[in-house]
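Chemist: sequence below, structure please.
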Amino acid sequence: MLHIFVDSAAMAGDFLPVEGGEYNHIRNVLRMKKGEELSVSDGSDGARYLYEIWDYEPDRVILKKKGLITAEAELPVRVILFQGLPKSDKMEWIIQKAVELGVTEIVPVAMKRCVMRLDPKKADKKIQRWQTIAESAAMQSKRGLIPQVHEPMTMKEAIRMAARETQLRVLPYELQEDDGKTRSLFEDLKEGDAVSIFIGPEGGFEPSEVEEAREAGILPISLGRRILRTETAAMVVLSWLIYRFEIA
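Modeler: From the prediction side, this is the model:
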């Protein structure tokens, strides 16, 4: 079933006009017919609604609301990914896959070992592109929420944000011994909790960054016996959360 995002104001009544690129996709690419169904969200609160194609007009399609879709596509915990800026286009892949796996917010972090440095003159366009990738991934995975991609932060700013907004704060660290606590940390999570995940860049964290995070209540954890790439580590943690809350 096709899933699209629209402005919340347009969803106020029973009928919803859709124009532009989404109209073209529905009519000319998918060639959907009157009566066919699709799901619609405004991207703000996770709710998805079932609509049917009611009529075609010049340059727009009219959808009719049928009701709320009760199947929940969002994790029952809020997840903020603090990702150390990786090289080349890895950030695009990380955003896409993290959104598919249920992340709520993504914060690019300029850490000491980051090779990539965002040019301030190009930062706005880069963030806009990252946000577009997040929206596309949310649409593909039929989420009701579009995760927010924040402007880049320093490590200190990221630590403050995590301390302010989340109950569980973890930092996968290759030098952390597996003391058996990682599993219990996630098993103790409850629906409605908020989680911060700190992932280092290709070169990992500086020891001083890990100590600063530890002093702020961010817990270094082990992800197992193997050293993972920066683009893999967050996916492991998000997969654990899916297993914790969605797998019977």
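Chemist: can we go C-alpha only for contacts and neighbour counts from here?
Modeler: Fine.
Chemist: got the end-to-end distance for stretch 21-34?
Modeler: Its start and end residues considered, stretch 21-34 measures 18 Å (Cα to Cα, to the nearest Å).
Chemist: over to stretch 194-208?
Modeler: End to end - Cα to Cα - stretch 194-208 spans 25 Å.
Chemist: buried residues, it. List them.
Modeler: For stretch 194-208, the neighbour count (16 or more other Cα atoms under 10 Å) marks Ala194, Val195, Ser196, Ile197, Phe198, Ile199, Gly200, Pro201, Glu202, Gly204, Phe205 as buried.
Chemist: quick one: buried residues of the lowest-mean-pLDDT helix or strand in the chain?
Modeler: Every helix and strand in the chain was compared by mean pLDDT, DSSP states H and E; the lowest is helix 181-187, with a mean of 85. For helix 181-187, the neighbour count (16+ other Cα under 10 Å) marks Thr182, Phe186 as buried.
Chemist: can you give the contact residues for it?
Modeler: Contact with helix 181-187 is made by Ile221, Ser222, Leu223, Trp240, Leu241, Arg244, as judged by Cα atoms under 8 Å, 6 or more residues apart in numbering.
Chemist: got those as CSV, with neighbour count columns?
Modeler: Formatted as CSV, these follow (neighbours: other Cα atoms under 10 Å):
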residue, neighbour count
Ile221, 21
Ser222, 22
Leu223, 21
Trp240, 15
Leu241, 23
Arg244, 17
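Chemist: mind listing the strands in this protein by residue range?
Modeler: Applying DSSP state E to the chain gives strands spanning 3-5, 15-18, 37-41, 49-57, 60-68, 78-84, 105-110, 148-149, 153-154, 168-172, 194-199, 219-221.
Chemist: next, the angle strand 37-41 makes with the longest helix along the chain.
Modeler: What stands out as the longest helix in the chain, according to DSSP state H, is helix 120-140. In terms of direction (axes from the mean of the first three to the mean of the last three Cα atoms, to 10 degrees), helix 120-140 departs from strand 37-41 by 140 degrees.
Chemist: dump the residue contacts of Gly20.
Modeler: Asp59, Arg60.
Chemist: measure it to Lys156 for me?
Modeler: From Gly20 to Lys156 the distance is 42 Å (Cα to Cα).
Chemist: fine by me, we can end here.
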